[in-house]
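[1] Could you look at this predicted model? Sequence included:
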Amino acid sequence: MLIAFAHTRHYGRHRVHADAGVIRLAGKAQDAQLRRLMARLAELSIHHPPRPAWQRRVLSAFLARYALGWRLLLRRQPEAGRADALLIGPAGVFAVVFAAETAEPATGDRSSRRLPPGSPREQASVARHAEEAMAGIPVLGGRRLAGAAVRLVSIADSAAVDPPRSTGTLLSLDERTLDRLFTTDSPRLRRAEVQQIAEEAARRLPDHDLVSIVDEAPAPESDALFDADTAHEAARSRAVSGPFASWLTFLDSRQIALVERVYSGPARISGPAGTGKTVVALHRLARLARRSQGRLLFTTFVASLPKVHQRSFEQLAPEVADRVEFVSLHRWARRLLGERGRPPTEDQSAVENSLARAWSRLRADGLESLAPLGYWRTEIDRVIKGRGLTSLAQYQGVHRRGRRVALTPDQRAQVWALYEQYQRNLLDHGVHDYNDLLSAALAEIRRRPLDPPYSAVVVDEVQDVVLLGLRLLHALVGDQPNGLLLVGDGQQQVYAGGWRLSDAGIPVQGRGEILRTNYRNSAGVVDYARKVDAVNQVDDLDGAAGFALRDVVVAHPGGRVDHWAGPDHDFDPNLVAAVRAIPIDDAGDVAVLAATVAETRRMFRALADAGIAVSHLDRYDGTQTDTVKVGTVLRAKGLEFSSVFWALGTVGDVGLGDQVRRERAEQAERQRLVAATRARDYLWVGRVTAGDGPSAA
Ligand SMILES: Nc1ncnc2c1ncn2[C@@H]1O[C@H](COP(=O)(O)OP(=O)(O)OP(=O)(O)O)[C@@H](O)[C@H]1O
């Protein structure tokens, strides 16, 4: 065994020498020997102050894992607001603080005295400095270490009376619980990445020593996923670019810039499907949470999505996860109204009934000849109530974005009459629809703002939030710096009746950013999605030309798309056969999607009858299960699966006018785009060429 240190010295039979601040321990590492060596190292070091025995044992425990790929950077002199060490290994990057008074600073200088261990100020300072030192360290493949990947861990003397508790921004351990640091279900770093990061950190931090042990027989990289012979091309490309969920640890330089950017007011991140918009939003939340004390909010229009992203966030930044609320917009509004003593009365069938009764009274006025009731429901939901219009005069003047049935002033007056009758019926029933929830919540917030307010609000899939919802979310944080972040993609808008951010009075000029590299979908899947017509109708949510999927850079090669077309009676057996062809172990990463609930019901039944374990996508919360998820494409927004089966429904548009048909076709194209871009590696597209299609239950 050879130990290298600042100057070559001999300790027993070990030769120790230091070279540019790098300490080397060479030879076969035995735990007991290491412990002795570390003790000597601490005592004899000309760089490091003496350490208490328990800290030396902890450091030895770190070094004992050297052969398993762990690297240690040791700060020479303790310093207020700085980590004592950085530990880098398969489970991630940790900034380590010894949570007890270490040896008195050699200089006795007051400035180097520490704040009380574990004080929030000390924690925040340690976390910030460690993040800033490490963020952006490059590894192979053009990826860079994300600041949020650096976790703060405080290690206490296990002889202390109270066992340490993980609180706030801190993971607290002692010698008895130290193993929790090293164990991980899904490795975040590969051996070569650990080494690259450690070496670059040593360059960036000249007041640290990188302790290394040259082992004659390093343990082999154990992950079979990286075996070039066995892996599928796309899966291999993912494996090469990093272990599972590599976005938890690495981002590209553009993404890092967006995570770290300080915005002086509301900001927008857009970009085509799969470019990491949500990933960037989650990293930003982690960064902001670590730099603030209050609550933060992540919300979206899609009911089931917040839970899924909450699970990812708990992996990304467990220390601050309890300060970030993940909740859908309507649930949030409902909760607020409850807390303010004004709980809404919700009854979906009474809401439907209110509209149906209004329709049977007023349809003869001519609306029926233009479009069916469903069309007017969208008009009321998205255009009239969704935009918070309060008078016919406002409605007469509004630009009905995405709505293809042109309306004369008289016809607008008829729609307005339908809306007013609907409102009266809701009132009679004493019920509220979804938009009523949002407008009541907005009125509440204007009457009495939240106290304390959120320090940041992130809105994902913002393109599908109604204007009223945007106003509500804007009212929560106003134009405060880093307050409101809107994340979305105009190309994936699945509801007509959209808006411009300027309609909501949200100023994002100069704070709009675009992501352009797709990390989710393999090239074959992107090639299919590029041809979808929705590609040609995209803006940046504020009127300017957007950046479309057809122009993305694709990170992963490979991927496959299969097409099936045939008569209705052949659809079910072909779907079942195609799903069966997926290896059983991968079933949990499979989604079967369609545009309508009726279609999904039929497919659910067909798969279940064939003995395939299925579950409802709308109950999916990100928990790993081995069931195939079946649901509508609306429920799949923001999600991804290894394989996606998509039933191209036949649009039941017999007897509809050209304009309604056109709008439906546009919507169907956008849904197709969303469905296709949920698939990482495999997409199956089934189309019924004769008969009713899968919607015929
Ligand atoms: N820098 C990165 N390195 C590796 N993988 C990444 C990176 N950025 C994103 N990803 C992966 O890309 C996928 C898509 O990311 P994300 O869900 O954030 O995209 P999105 O733009 O929000 O997509 P959509 O608009 O379709 O919801 C995720 O699986 C994530 O793991």
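    Received it, and whenever you're ready, just let me know what you need.
[2] Show me where the stretch 351-500 of the chain has its helices.
    Using DSSP state H, counting those that start in this stretch, the helices of the stretch 351-500 of the chain run over 367-370, 373-378, 392-397, 409-429, 434-447, 467-477.
[3] Of those helices, which is nearest the ligand?
    helix 467-477 (17.7 Å; C-beta to the nearest ligand atom). C-beta coordinates here come from the backbone N, C-alpha and C atoms, glycine included.
[4] by contact count, what packs against the closest one?
    Under the contact criterion of 3 or more C-beta pairs under 8 Å, 6 or more residues apart in numbering; DSSP states H and E, helix 467-477 touches helix 329-339, helix 434-447, strand 456-460, strand 484-488.
[5] and the chain, which of its residues are near the ligand?
    Counting by C-beta under 6 Å from any ligand atom, the residues of the chain close to the ligand are 143, 246-247, 250-252, 255, 271, 273-279, 489, 492, 519-520, 638, 640, 677.
[6] Please enumerate the strands of the stretch 251-400 of the chain.
    Along the stretch 251-400 of the chain, counting by DSSP state E, counting those that start in this stretch, strands occupy 267-270, 296-300, 324-326.
[7] Got the confidence number for N425?
    Note on N425: pLDDT of 96.
[8] let me fix that: G242
    Note for G242: predicted pLDDT of 43.
[9] hmm, back to that, which ones among the residues of the chain next to the ligand lie within helices?
    Using DSSP state H, the subset of the residues of the chain next to the ligand located in helices is Q255, K277, T278, V279.
[10] burial of the first one, as a residue count?
    Right, the one you point to is Q255. Residues lying near Q255 (other C-beta atoms under 10 Å) number 26.
[11] Surely it is in contact with K277?
    No: Q255 lies out of contact with K277 (C-beta atoms under 8 Å); the separation is 9.4 Å.
[12] Need the overlap of contacts for those two.
    Counting by C-beta atoms under 8 Å, 6 or more residues apart in numbering, the contacts common to Q255 and K277 are L515.
[13] For A440, give its distance to W646.
    38 Å (C-beta to C-beta, to the nearest Å).
[14] Then H309?
    H309 is 23 Å from W646, where distance means C-beta to C-beta.
[15] How about V302?
    V302 is 18 Å from W646, where distance means C-beta to C-beta.
[16] Ok, Q196 next?
    40 Å.
[17] Likewise for R678?
    Relative to W646, and taking C-beta to C-beta, R678 is found at 8 Å.
[18] Mutual contacts of the two, please.
    L593, V633.
[19] Deepest in the core, which of the helices of the stretch 351-500 of the chain is it.
    Highest mean neighbour count among those (mean count of other C-beta atoms under 10 Å): helix 467-477, with a mean of 24.
[20] from the middle of its chain, how far away would it be?
    Distance, stretch centre to chain centre, for helix 467-477: 21 Å (C-alpha atoms, centre = their mean, to the nearest Å).
[21] so K629 bridges to which residues?
    Going by DSSP bridges, K629 is paired in beta bridges with A591, S615.
[22] OK, contacts around it?
    Taking C-beta under 8 Å, 6+ apart, we find K629 in contact with V590, A591, V592, V614, S615, H616, L617, Y620, F641.
[23] With L145 instead?
    V93, M134, A135, G136, I137, P138, V139, I197, T249, F250.
[24] Can you report how many residues neighbour the residue nearest to the third one when sequence neighbours are not counted?
    With sequence-adjacent residues excluded and distances taken as C-beta to C-beta, 6 or more residues apart in numbering, A135 is closest to G147, at 3.7 Å. Burial measure for G147: 25 neighbouring residues, criterion other C-beta under 10 Å.
[25] same thing with the one 10 residues further on?
    Neighbour count for D157, taken as other C-beta under 10 Å: 17.
[26] Next one, pLDDT for G142 please.
    G142 is assigned 81 on the pLDDT scale.
[27] Could you pull up the contacting residues of it?
    Neighbour list for G142: D252, S253 [criterion: C-beta under 8 Å, 6+ apart].
[28] Checking the closest residue to K307 other than its chain neighbours next. Helix, strand or coil?
    With sequence-adjacent residues excluded and distances taken as C-beta to C-beta, 6+ apart, K307 is closest to D621, at 3.9 Å. Going by DSSP: H, G, I helix; E, B strand; the rest coil, the secondary structure assigned to D621 is coil.
[29] give me the number of residues near G505?
    By other C-beta under 10 Å, neighbour count at G505 equals 12.
[30] isn't it right up against R471?
    Yes: using C-beta under 8 Å, G505 is in contact with R471, at 7.4 Å.
[31] ok, back up a step: any idea which of the contacts of K629 has the most stuff around it?
    For these, the largest number of neighbours (other C-beta under 10 Å) sits with V592, at 29 neighbours.
[32] Look at that one and report its pLDDT.
    So V592 comes in at 97 (pLDDT).
[33] Please name the residues that touch A440.
    With contacts defined as C-beta under 8 Å, 6+ apart, A440 is in contact with A333, L337, R342, P344, H432.
[34] Looking at the residues you listed, which one is closest to H556?
    For the contacts of A440, the minimum distance to H556 (C-beta to C-beta) is 38.5 Å, reached by A333.
[35] Could you find the closest non-adjacent residue to the closest one?
    Once flanking residues are discounted, A333 sits nearest to A441: 3.8 Å by C-beta to C-beta, 6+ apart.
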